[in-house]
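K.L.:
sharing a model prediction with you, sequence too.
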Amino acid sequence: MDYETIKVGVRGRITIPKSIREKHKIKHLDKYKIYMVSDVIILEKYDKSKEGNKIKSLEEYMK
């Protein structure tokens with residue numbers, strides 16, 4: 001399992017390393033839902049156009 005260190009800035013902005021952004025094709029204005037599971041933070045890409053489709057959110061999947 002690979003891991004990288006992220007930084008949280010003074011204003012709460014998260015800096016994700018370039019290697020992760022390139023690997024997962026994260027762009028500048030992408031939106032993510034954040035889930036906290038004990039000490040783990042999970043980011044789920046938020047796509048408003050797919051919200052009504054058959055895609056289940058992580059909360060629904062975990063129930």
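P.N.:
Structure received. Residues are numbered from 1 along each chain as shown.
K.L.:
which parts of this protein are helices?
P.N.:
Along the chain, counting by DSSP state H, helices occupy 18-23, 58-62.
K.L.:
burial count for the residue nearest to Ile20 when sequence neighbours are not counted?
P.N.:
Leaving aside its sequence neighbours, Ile20 sits nearest to Glu4 (CB to CB, 6 or more residues apart in numbering; 5.6 Å). Yep, even glycine has a C-beta here, placed from its N, CA and C like the rest. Per other CB atoms under 10 Å, the neighbour tally for Glu4 reads 10.
K.L.:
ok, back up a step: compare the helices of the chain and say which comes out lowest on pLDDT.
P.N.:
Of all these, helix 58-62 carries the lowest average pLDDT, namely a mean of 74.
K.L.:
and that one, C-alpha only, in PDB?
P.N.:
The C-alpha coordinates for helix 58-62 follow below in PDB (Å, rounded to 0.1, in the frame of the first residue of the first chain):
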ATOM      1  CA  LEU A  58     -20.700   5.500   0.500                       C
ATOM      2  CA  GLU A  59     -23.200   6.100   3.400                       C
ATOM      3  CA  GLU A  60     -25.800   4.000   1.600                       C
ATOM      4  CA  TYR A  61     -23.300   1.300   0.700                       C
ATOM      5  CA  MET A  62     -22.100   1.000   4.400                       C
END
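K.L.:
hmm, back to that, for Tyr32, which of the helices of the chain is the nearest?
P.N.:
For the helices of the chain, proximity to Tyr32 was assessed by CB to CB; helix 58-62 is nearest, at 11.0 Å.
K.L.:
so what touches that closest one?
P.N.:
For helix 58-62, the surrounding residues in contact (CB atoms under 8 Å, 6 or more residues apart in numbering) are Lys33, Tyr35, Ile42, Glu44.
K.L.:
mind checking which helix or strand of the chain has the lowest mean pLDDT?
P.N.:
The helix or strand of the chain with the lowest confidence, counting by mean pLDDT, DSSP states H and E, is helix 58-62 at a mean of 74.
K.L.:
could you pull out the strands for the chain?
P.N.:
7-8, 14-15, 31-37, 40-46 (DSSP state E).
K.L.:
those into TSV, with extra columns for mean pLDDT and mean neighbour count?
P.N.:
Putting the strands of the chain into TSV (pLDDT from 0 to 100; neighbours: other CB atoms under 10 Å) gives the following:
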stretch	mean pLDDT	mean neighbour count
strand 7-8	87	9
strand 14-15	86	12
strand 31-37	88	11
strand 40-46	85	12
